[in-house]
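J.: below is the sequence, then the predicted model.
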Amino acid sequence: MATRVRPSSKRCAVIGGSGFLGRHLVEKLLDRGYSVSVFDIRQSYELPGVTFYQGDLCDKQALLAALKDVSLVFHCASPSPASDDRALFERVNIQGTQTVIQSCIESGVQRLVLTSSASVVFEGTDVKNGREDLPYAKKPIDYYTKTKIEQEKLVLKACDKQKGFLTVAIRPHGIFGPRDPQLVPILVDTARRGKMKFIIGDGTNLVDFTFVENVVHGHILAAERLRADSPICGKPYHITNDEPIRFWDFMSQVLVGLGYPPPRYHLPYSLVYGLALLLWLLSVLLSPLISFKPTFTPMRVALAGTHHYYNCKRAKEDLGYTPVVSLKDAIARTVESYPHLRCEA
Ligand SMILES: NC(=O)C1=CN([C@@H]2O[C@H](COP(=O)(O)OP(=O)(O)OC[C@H]3O[C@@H](n4cnc5c(N)ncnc54)[C@H](OP(=O)(O)O)[C@@H]3O)[C@@H](O)[C@H]2O)C=CC1
Ligand SMILES: CC(C)CCC[C@@H](C)[C@H]1CC[C@H]2C3=C(CC[C@]12C)[C@@]1(C)CCC(=O)C[C@@H]1CC3
């Protein structure tokens, strides 16, 4: 059985620690007695026990300062998937991750835990109970996914037991929870603009939505089991709530919890996908003249209308992972955490 690392004697760094997942991770690490250095392009809070280093992860000198005396690094920084800035994704997720790896090695960091994404195998078509041995998407649906694939490959390839530099990748899916700036706010904004009346497709597609505390739990288990003699070195792990749910049931539960009506009318998937593609093309062609961002992007339509749920048996076996918060409780806690987004009518 794997021996637990004694956290109290450990100092770790969280790259992207000001973000949604990063901050939850920092809070749990502090609870477990770690002292934490946060490296992020912005500082969004202050906490006792946390030292902030503000900088761009592509800047090696800035990173080296943050990694001094650190033996464990979590890398959970990325540009938002809502962006379609190819150059930014390539710079941060690919070149930046190379810089993170080099800086870790130069600083004597022994363990690197990457936040990857289960979407690295998603091509816009159904993934049912997908395991980690599925091939990477040959045609990734966007630059975010394309660069997350390259990022994961780089980190896993860098694992070197001889040199004492161990790496592992966590692949969460559809993270949600208090302070998420993405899923619930976008959903509510769409509902407030009267655009959440329709279900794309027949509404039976199953999807994983993963509560942020379960994702954090997976990261910490991986970090504490990452030793030269463990089977997890250089491998990716799916971390989900292990309770796939119909995409539209999940959206409806959140909407109803916040006082909005659930979507009711069905629209054919191919029609909506075609329209989303057309709108996206128009937004690109017209970008020199006007700037508009369609709500229903091809990527969101694909995510809303297909099955994408993943098997986390490998994490259960190798990491001893089981979700710590059920989907029912997670939805209730999430809804409660957004009083300002409740329907006022
Ligand atoms: N949310 C989800 O559903 C899923 C997320 N993931 C992965 O989880 C990780 C965390 O995601 P999440 O917490 O949602 O995202 P956030 O955007 O909330 O957090 C990412 C943080 O990284 C920062 N950052 C971006 N670029 C740089 C840079 N060049 N140098 C330093 N810091 C930078 C961001 O700053 P700023 O906000 O200013 O850009 C932000 O503070 C990401 O790697 C993402 O790919 C994987 C699966 C699902
Ligand atoms: C307008 C509605 C049809 C949809 C609103 C909700 C969406 C904003 C979210 C539903 C699934 C989410 C998701 C992600 C972002 C937010 C959603 C599209 C990711 C792309 C985030 C980054 C990842 O690595 C994969 C996620 C898949 C699910």
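T.: Arrived safely, thanks for sending. This is a predicted model, so every value here is computed, not measured. Ligands and ions are numbered 1, 2, ... in the order given.

J.: distance of Pro298 relative to Ala87?
T.: Distance from Pro298 to Ala87, counting by Cβ to Cβ, to the nearest Å: 20 Å. Every C-beta, even on glycine, is put in place using the N, C-alpha and C of the backbone.

J.: out of the two, which sits in the busier spot?
T.: Using other Cβ atoms under 10 Å, the more surrounded residue of Pro298 and Ala87 is Pro298, with 21 against 8.

J.: these two touch, right, that one and Leu277?
T.: Yes - between Pro298 and Leu277 there is a contact under Cβ atoms under 8 Å: 5.1 Å.

J.: contact partners for Pro231?
T.: By Cβ atoms under 8 Å, 6 or more residues apart in numbering, the contact set of Pro231 is Asp318.

J.: please disregard the earlier target; I meant Val254.
T.: Shown in contact with Val254 (Cβ under 8 Å, 6+ apart): 184, 187, 331, 334-335.

J.: following whichever strand or helix holds it, which helix or strand comes up?
T.: For Val254, the host element (DSSP states H and E) is helix 247-257. Beyond helix 247-257 on the C-terminal side, the first helix or strand identified by DSSP H and E is strand 265-267.

J.: close to ligand 2, is that following strand?
T.: No - contact between strand 265-267 and ligand 2 is absent, the nearest approach being 11.2 Å (criterion: Cβ under 6 Å from any ligand atom).

J.: pLDDT score for the nearest residue in space to Tyr136 that is not next to it in sequence?
T.: Nearest residue to Tyr136, sequence neighbours excluded (Cβ to Cβ, 6 or more residues apart in numbering): Ile149, at 4.8 Å. With respect to pLDDT, Ile149 scores 98.

J.: from the chain's centre, how far out does stretch 249-265 sit?
T.: Offset of stretch 249-265 from its chain centre (Cα atoms, centre = their mean, to the nearest Å): 23 Å.

J.: first to last residue in it, what's the distance?
T.: 14 Å (Cα to Cα, to the nearest Å).

J.: right, is that stretch up against ligand 1?
T.: No - if you take Cβ under 6 Å from any ligand atom as the test, stretch 249-265 misses ligand 1, and the best it gets is 12.8 Å.

J.: pretty sure Ile331 contacts Gly257?
T.: Yes - contact status for Ile331 versus Gly257: in contact at 6.7 Å, counting by Cβ under 8 Å.

J.: so for those two, which sits in the more crowded spot?
T.: Applying other Cβ under 10 Å to Ile331 and Gly257 shows that Ile331 carries more neighbours, namely 20 against 16.

J.: now the more buried one: closest residue in space that isn't a chain neighbour?
T.: Nearest to Ile331 is Gln253, by Cβ to Cβ, 6+ apart, at 5.4 Å.

J.: quick revisit: and the residue nearest to Tyr136, what does it touch?
T.: If you count contacts by Cβ under 8 Å, 6+ apart, Ile149 has them with 120, 136-137, 140.

J.: that one sits in which helix or strand?
T.: For Ile149, the host element (DSSP H and E) is helix 143-157.

J.: and Leu25, how far from ligand 2?
T.: 16 Å (Cβ to the nearest ligand atom, to the nearest Å).

J.: tell me if that residue really is in a strand.
T.: No - Leu25 is assigned helix when assessed by DSSP: H, G, I helix; E, B strand; the rest coil, not a strand.

J.: what's around it, how many residues?
T.: 29.

J.: nearest spatial neighbour of it, skipping sequence neighbours?
T.: Closest to Leu25 by Cβ to Cβ, 6+ apart is Val216, at 5.0 Å.

J.: do the helix or strand following the helix holding Ile149 and ligand 1 meet at all?
T.: Toward the C-terminal end, the helix or strand that comes next after helix 143-157 (DSSP H and E) is strand 166-172. Yes - counting by Cβ under 6 Å from any ligand atom, ligand 1 is contacted by strand 166-172 at Pro172.

J.: tell me the SS of Tyr237?
T.: strand.

J.: in the sheet, who's paired with it?
T.: Ile170 (DSSP bridges).

J.: and it, what's its pLDDT?
T.: Model confidence at Tyr237, given as pLDDT, is 98.

J.: so who does it touch?
T.: Residues near Tyr237 by Cβ under 8 Å, 6+ apart: 132, 168-171, 218, 222, 312, 314-315, 318-319, 321.

J.: closest one of those to ligand 2?
T.: Distance to ligand 2 across these (Cβ to the nearest ligand atom) is lowest for Arg171, with 8.6 Å.

J.: what residues does the closest one make contact with?
T.: Listed by Cβ under 8 Å, 6+ apart, the contact set of Arg171 reads 116-118, 120, 132, 152, 236-239, 310.

J.: now list the buried members of these.
T.: Neighbour-count burial (16 or more other Cβ atoms under 10 Å) applied to the contacts of Arg171 gives 116-118, 120, 132, 152, 236-239, 310.
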